[in-house]
Every structure is written in structure tokens, then in C-alpha cells.
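Peer 1: The following block contains a protein sequence and its predicted model.
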Amino acid sequence: MSGGFSEILWHQQATLPLLAVLQLLPLAGAGLVLALGERLLAVRMGKVVALAELLMAAWVAAHIDSASPAFQLAERLPTLAYHVGVDGIAIVFILAAALLTFLMTLYGMSRGMISPGRLFAVLLVAETGFIGMLVALNVAWFAVFSLIELWSVVYLLRRWASSRAEIQALARFIQYQGFGWLMFAAGCVVLGWGHAEATGGRWSFDLFDLTGALPEGKFQTAAFYLLFYGLAVRTPLFPLHGWLPNMAQHGLIAVAPALMVGVKVGIFGMLRFVLPLTPAAVATWQPYVVGFAMAGVFFTAALAFQQTNLRRLLAFAVVSHTSLLVIGLFSLHEAGIQGAVLLSANFGLAVTGMWFIVGFVFRRTGTTELGELSGLFERIPFLAIAFLSFGLAIVGMPGTPGFDAAHLILEAAIDRFGALSTVATALGNVAAAGFLLWAFQRAFLSQARTGGLDVDRTLPMEYVVVGVALAAMLAIGFFTEPWLQLTEAASHVAAMRFVQ
Amino acid sequence: MNWPLLSLLVFSPLLTAALLWCLPRRAARWATAAGMLLTLALSSALPLAYDPSGPRFQLLEQAEWIAGLRVQYLLAVDGLSVLFPASTALLFLGALVAAWNRDAGDSRLYFSLLLGLESATLGIFCAHDLILFFVFWELTLIPVYFLLGRWPVTGGGAAVASRYFLIMIAGGVPLLIAFVIAGSGSSGFDLGALLAAPLPAERQWLFFLLCLIGFGLKVPLVPLHTWLPQFALAGPGALTALLVGLKLGAFGLLRIAMPLAPFVAQELHWLLVGLGTVSLLYGAVGMLAQSNLRVSMAYASICHVGLAVLGLASCTAQGVQGAVSLLLSFAVATGGAFLLLEFLRQRTGSTDIHALGGAARTMPLLATGFLICGLAGVGMPGTSSFPGEFLLILSALERHTGAGMAALFGLSIAAGAFLSLYRKAFFGPVTRPEVAQAEDLRPREWAVLVVLIGMVVVIGVYPGPWIDLLRPAAEAWAAGLSR
């Protein structure tokens, strides 16, 4: 027991250090794929490793005891300050990350990318980064893994960048993310320094140590600001979202944005480190954060209506729904936190599915300008219906995982902020439904223009990629109970610090 | 009763829809018809299985669904809701047959969406858990969006579809919040438990007002009605018949909003009276200004549902009995009128009176059928609407005399407006070639009509058994309110 946290070491629960395997498997896979070069086997290995990682993640999920609030399968290696462990919340994110990476390998194949071997290697490196961040119980390790993940996205953007606009988008991306990362790193230093001050010179970045000696007063406010803004850029939270629209429009289609927003590591980071390490500052600044997020829901919805490009429009959809996640998280209410976790997984899955479909459309039409797309429903009805279903999942339509999660967030918001602000926020979500429907109507449902594009029918691989994502979403939507159980204990612990 | 009758009923259309995709394309239409017939048979078994002298809620089915949120899978019917599934199933079958070889050809998607809409609608009538109700409520939107967006009658159907979807999903927000408020007590979202233990008074206010917005949009109550006339114009006739014929919004008011907030429903009876009367008068006057029969029938439905709300506001057994029988009659009469207008549109390409004139000369059967349905719509004695309307007017005059007088006035305007439009469209000289060449109803269309008009007349002449079936539940409803 340390600072309100407890852990169960791995050898009490399993015969193998599962979390180490979980982190090393994609890294080893990346090395293998890279060594194989551009052979066909490399592509196949990439898929196999991604699938193995998904199964591994499911295995880990089966091993943990969701009723216990402790960090489980914990591993420690004091010489490297290596400390990992998972709770019910982390498991949800890990499963989402593994599933998305697997889908991306399938997607990468079906799109017929240039040098798929290299692409798969980078994807697996990014997955290592994700898993590393999601299991880390040391804030410095989290920062290092996040750097690995960012590097892989930068690599993807740079390798496939050719036009001026793409290079500009890359530059913007590096500026924003570099700045965000430095803020986060500075926050880590403040925390470590605070710990050193309190314990007489012993520096530590370990979550357990740090919660034992929380920074005081101004130190805590500074740490909160640095960590929160660093993660807010990553998330991205309005008004720090400037990098996303450009990157979505000009970056490597589907894969790059899906890597950045498919797995909500920003939300995870806030939940894992910001809330427990700076509780007093969080409570002080809660109204401002929620106020900004509420404004962000509407502001980005208004911006989304101005967009003429489907890829850019999706970027604004992401910013809009991220605001909702932050509202849930910063309700500092058990139900709200649980809802934010489930909704993160749901949004990530849904948005990635939409991005895949946009990629498939782009392969057929060579454009994602809404003015040039029309009548796609006639030619690719399955993809059209899937696009709408993902869109509705973002809005929290019943029958998708978004519904129960949104329900939880509403419950928390009614409790904390009253019914009227809750209605206002939920109406912002309806605005998101509005622009997604509007885009759907223009691109898919409108009459095909004469002399328009001749669009291929849906390919088998496309059925698989989109079908798997859709089936996962609907299955979770109607059987939410196991997921609620999985996240309940951990959400309870997270909210316990803020009982008013 | 060992069979899960309600689950079978609710999911039989959905299973049919799944089956369609395993069958060859040609068979889709007949398979859909068979599925809908099965659903009709199951729904007709409901009133037989229901024992009016037994406990109020019967055929209860219960299963754990999302225990963490205290949401259960609960289905049940009482005397007020037991007849709605049958009228729903009948109307869907009528809508299918009416558009038999129009609209969508053999598209399996079209039939699946229609069946999906049927499942969701039946679910609304049978749900006994607030969240389950809400799930079905929202799930109706998706099929409607696609049916209207993909197969519109006029240009701009997709825009109307989006607008409808957004208005309804915005209406879903207050509803969901109201339900969350209601479910935050100890009894969860179980409707039966919530009825037994009413909410504390201060929470009832918020609950009732939020529900009023959410359901009022669907009813639609003036001033939340703007989507309906547009929808009636752009929607395919079969779909409009379903949406206008099935008064989900009014059902929501009488099933959920009023019984769960009895104190506030009594306190705010003046608000309901006001909304009902304004809707009634507005709908009646709106009819006068229309030249298109479809839009005018949409206004007629605003007018009549206003009357139903007025009856509900009296909070008496008589009022709710009248409201339920009027809503049921609507499903048949207004639904039938829209189906006939769809036949007319298929023949002449329009339902505007300027493009018609003298239609009764070439299409006497259609004209007669439309007259009967239309007269049922204005509450002519001897038609199915009359018993309900009579009860409603009585209870309104008793409880709110002024509003009752205004209602009588509004209904006479509506009747006058209908007859005037009818005269212009169906009598007089034939001027248009489309009208002159139009043929009368074909056997298939004739069959739909005979069934619907048979229902209109039989219920109108011999209302006893239907009213009796409603009575015990209506009395329990009123007793629940006056606690």
C-alpha cells in the first residue's frame, strides 16, 4: 500500500511476466518485419504479430481480477525504475490499442500501400509505444514511450509526404507535439523535484512514490498545468487542436490520424497521472477545464459545418467528442470516469472505422472533397451503412457502446453540474450528429452526378476490416455488462480521491 | 402462457429481416409479407392472452441486461397498450402491400428497414423498462432516415430526412436525461416499480417538463410540429402513413410522462390543456390553408392528437380511455387515408387539388375509401373515431369547459376544411389528362382498403368490447394520478 495505491505482483497471478511479453512482442515483431525487408513474408509476419498481440492482450484481460482495485500483474525492476501494472481501465485501453493495430495491418494490405513491410514495422513500433504507455506506472517511462509513439507517427508522415501542404502539415505536427511533449516532460521534472525536496534528495518518478509525497501549493499547480497541457495537446483538447485538421487532411490517409486519436492515451494519461498526482489543483481548476470543454463541443461543431473536406471534418468530429470525454473525466465522479473510459474505447474504434472507410473511398475516387463525392451509396452500400453506424456510435446511439457510456457521463454531469448544463452539452453532441449526417448525405446519399466517378464495388478485404470493427462495436454495445464490471473498481478508486 | 409471446412479437420482424438476406432477391417481398403476417397473428393473440380482470401488467418478461446500470430487459402490456401492437402490425402490412411494386423494387435493404422499423415500434409499445423504451425509441430513427433519404417522393428528401433525424435525436436528449433522473432512485428503471413509488415532488417537475419536450416533438404539439408537414410532403406514402398513423409521442405521454410524475401532471394540467387546444385549433386552421391533400392530412393529425392531449389533461379514466381509442382509430383511419393518397399519387403524380378535380369520376372506389377514412378522421358517428372522440369531448367539457368548447369549434372547422378539399379534389369536371386516364383501385389495393375500412366501420358501430378492454387499465391509470 502506497499513497492509496496497491499492487499484486505478477508471480502471484501468472507464470510469466505477461506485461513484459506484451511490450516486447510487438517490438520483436517490428525488428523481424524490418529484417525481412519488402518480402511478402514480412507483410504476413506483420499481420501474425499484430494478431498474436491482440490474443495476448485478451489473455492478460482474462488473467486479471476485475473486482480488485489494485494494479495487477505488476513488475518492478528498481535499477531501471521500471514499474508496470494494469487495472481494469488500462485493460480496456490495451484491448482497444491491440485491436486497432490489428485492423490497421489488415487495412494497410487492402489499400495496397507502397513498401508495406516498412509500414508494418513502424506500426508495430507504434504499438509498442502504446502498450508501454498504458502499462507504465512511472511517469518518466510514460513520457519515453510516448516519444517512441510520436516518432513513429512523424516517420509515417515524413516518409509518405511529398507535396508542400503535406510537409507543412508535418511541420505543424512536430511543433505542436514537440511542445506538448516538452511540457509533459517538464511536468515530470517538477514532480520528481518535488519528491526530492520532500524526501531529502531522492529523485523518483514512480507513481507510488509520488502519491506518497504530493507536491505542495504552487508546485502542484505548476505540475498540473504542465502535465495537463502536455496531454491536452496530445488528446487534442480545444483550443489546442491545431495540428489535427491539417494532419488529417494531408497526412498518410487513415493510418496516421488513427494512430494519433484511435487510442486515447491523452485521456488515459490524465486519468493515470494527473488526477492522482495533483488532486488539489484538479479540484481547483475543474470548473475552467469543464467550461473550456463545453465551449469546445460547440465551437468545433460549428467549425465542422464549415468544412468541405471529409478528412478535415472527421478531425473536427474527434475534437468535439474529445471534449465530451474530458467533461466525463473532470466530473470527478465515479460514473463519469467510468463513462469516459468506455467512451474513449468506443470513440477510438468508431473514428478509426470511419477513417478506414474514408481511405477506401479515397482509393476509389482520389478525392475526399465533399463537393466532388456523390452517390456512393449505390456502389458501396455496406461501407456507407458502416460509416453511418460509426457516426451514430460517436453520437451515443443506443445499441452502440457509446450509449451506456454516454448515459454514465450524463448521470455524473447531472449530479455535478445540474440538468441544464447537461442538456446543453448533450445538445452539442447532437450537433456532432448533425455534421456527420450532413457529410454522409452529401457523399453517400446524394444522387450520383452524371459523368461522375465509376466506383468499384466493396472488396472482400474491405468487408473484413470494416465488418470486424463494426461487429466488435455492436457486440460491446448490446453486452456492456462485462465492460462495466471490468472498469468499475478502478473507476471507484480514481473517484475516491475527490469525494466532496 | 409459457411462450415469451412479447419477445417473439417484438423480434419476429427483425428475424424476418435477417432471413431476407439468406433468401434469393426475388423472394424478399413475399418473405417480408409472410413475416409481417406472422407478426400480425402474434399481435392479434395479445388481446386474447390478456385478461382484463387480472393484474394490470401482464405477459411480463424479465431478464438481466446491464446490471451495473440497473437496466433490465422488461416487456409487459397493460389494457392501454395491448391493442397498439395489433394496429401497428396491421398498418405495416398495409404499408407493405400499398407500395408492393413501387418505390424500391426488390431491394432487400428496403424491406429490412421496414421490418426493423416494425420491430422498434412494437418494442416501444411493449417496453416496461425506461432505458429499453428509450433504446427502441431511438432505434426507430435509423430506418426512417434511410427510407426517407433513399426513397423520397420529392427532391430534397435527404435533407428532410436529416432534419427529421436531428430534430428527433435532439428530442431524445431531454428524454434520456429525464429517464436518468427518474432512474436514480432505488427502483432503477423498472416502470412497474416506478409507478408504485412516485418520484419526490421536486424531481417530478424536471422529469415532467423534460419529457414534455421530448414527447411533444414526436406528438407533435404546436409549436414543435414544424417537421411534420414537410415530412408528409417528401416522404413515401407508406412511410408517412406509419409515422402519422402511429402516435408514439402521445403514447409516451400517457405511458411514461404523466404516470411517473402524477403530482406535476395534475399541477400542470392547464399547460397540457393549453398545448392540446392550441394544437387542435392550429391544426384545424392549418388545414384550411392547404392545397395538398397529404399536407392537409398531416395538419388533421396535429388537430386530432391535440384533442387526445386535451383528454389526457383531464386526468380521468374517461379521458385516457378516449385518448387511447382515438389513437388506435387513427392508426387505421389516418394510416388508411395516407395509403389511399399514395395510390392517388402513383396514378396522377400529385396529391395537390390543383392537379386533381373530378377524380371521383374515374376512381370511384378510391374516392369512397378516402371519404370514409377522412370522415373517420373528423370523428363522424359510426366510424371508429367517434367513441374515442365522444369520450374525449365529454371529459374535456367536464373538466375544462372552455377548452372543450374550443375543441368542438376546432373539430367543426377541421370537418369543414376536409369536406371542402375533398370536393375540390374529387368532384367537379375532369380537367387533367392524368386524372382522366387513371384507373381505379386494383384488387391488391382494394384488399388493403376493405380490411382498413372494415375495421373503421366495425369498431365505430360496435365499440363495446374495445372500450371494455381498456376500462380497468384506464381506471388504474386515473387512480394512479389522483393519489
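Peer 2: That came through, no problem. No experiment lies behind these values; they were computed from the predicted model shown.
Peer 1: packing partners for the longest helix along chain A?
Peer 2: Longest helix in chain A, counting residues (DSSP state H): helix A:401-440. The helices and strands touching helix A:401-440, judged by 3 or more CB pairs under 8 Å, 6 or more residues apart in numbering or on different chains; DSSP states H and E, are helix A:279-305, helix A:310-329, helix A:334-365, helix A:381-395, helix A:460-478, helix B:157-183, helix B:201-218. All C-beta spots, glycine's among them, are computed from the backbone N, C-alpha and C.
Peer 1: avg pLDDT for the helix or strand harbouring B:L341?
Peer 2: In the assignment (DSSP states H and E), B:L341 maps to helix B:317-348. The average pLDDT within helix B:317-348 is 86.
Peer 1: contact partners of stretch A:196-215?
Peer 2: The contact list for stretch A:196-215, computed with CB atoms under 8 Å, 6 or more residues apart in numbering or on different chains, reads A:2-5, A:7, A:81, A:83, A:137-141, A:188, A:190-195, A:220, A:222-223, A:272-273, A:276-280.
Peer 1: sorry, that was for stretch A:33-46
Peer 2: Against stretch A:33-46 from outside (CB under 8 Å, 6+ apart): A:29, A:32, A:49, A:105, A:109, A:115-118, A:120-121, A:123-124.
Peer 1: Any of those residues buried? List them.
Peer 2: The neighbour-count test (16 or more other CB atoms under 10 Å in any protein chain shown) applied to those identifies A:G29, A:L32, A:V49, A:T105, A:M109, A:P116, A:G117, A:R118, A:F120, A:A121, A:L123, A:L124 as buried.
Peer 1: where does the stretch 51-200 of chain A have low pLDDT?
Peer 2: For the stretch 51-200 of chain A, applying pLDDT under 70 flags the ranges A:109-114, A:161-162.
Peer 1: before we move on, what SS does the closest residue to chain B within it have?
Peer 2: Residue nearest to chain B within the stretch 51-200 of chain A: A:S66 (11.5 Å; CB to the nearest CB). A:S66 falls in the coil class when you classify it by DSSP: H, G, I helix; E, B strand; the rest coil.
Peer 1: residues in contact with it?
Peer 2: Here A:S66 is in contact with A:G88, A:Q485, A:L486, A:T487, A:E488, A:A489 (criterion: CB under 8 Å, 6+ apart).
Peer 1: Could you do A:A280 as well?
Peer 2: A:L214, A:Q220.
Peer 1: And it, how close does it get to A:A424?
Peer 2: Separation of A:A280 from A:A424 (CB to CB, to the nearest Å) stands at 28 Å.
Peer 1: can you list the residues of the stretch 101-250 of chain B near chain A?
Peer 2: B:109, B:131, B:134-135, B:138-139, B:142, B:145, B:149-150, B:158-159, B:161-162, B:165-166, B:169-170, B:173-174, B:176-177, B:180-181, B:184, B:206, B:210 (CB under 8 Å from any CB of the partner chain).
Peer 1: cutoff 7 Å now
Peer 2: B:109, B:134-135, B:138-139, B:149-150, B:158, B:162, B:165-166, B:169-170, B:173-174, B:176-177, B:180-181, B:206 (CB under 7 Å from any CB of the partner chain).
Peer 1: just the buried members of those residues?
Peer 2: Of these, these count as buried by 16+ other CB under 10 Å: B:109, B:134-135, B:138-139, B:149-150, B:158, B:162, B:165-166, B:169-170, B:173-174, B:176-177, B:180-181, B:206.
Peer 1: Can you name every helix or strand that the helix holding B:L341 contacts?
Peer 2: helix B:84-98, helix B:237-245, helix B:248-252, helix B:293-313, helix B:364-377, helix B:385-399, helix B:443-461, helix B:464-481 (3 or more CB pairs under 7 Å, 6 or more residues apart in numbering or on different chains; DSSP states H and E).
Peer 1: Next, format the ones you listed as CSV and append mean neighbour count.
Peer 2: Putting those into CSV (neighbours: other CB atoms under 10 Å in any protein chain shown) gives the following:
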stretch, mean neighbour count
helix B:84-98, 25
helix B:237-245, 27
helix B:248-252, 23
helix B:293-313, 28
helix B:364-377, 22
helix B:385-399, 23
helix B:443-461, 17
helix B:464-481, 18
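Peer 1: Select, out of the ones you listed, the one closest to B:P13.
Peer 2: helix B:84-98 (7.8 Å; CB to CB).
Peer 1: now the closest one and helix B:443-461, what's the angle there?
Peer 2: Here helix B:84-98 points in a direction 150 degrees away from that of helix B:443-461 (axes from the mean of the first three to the mean of the last three CA atoms, to 10 degrees).
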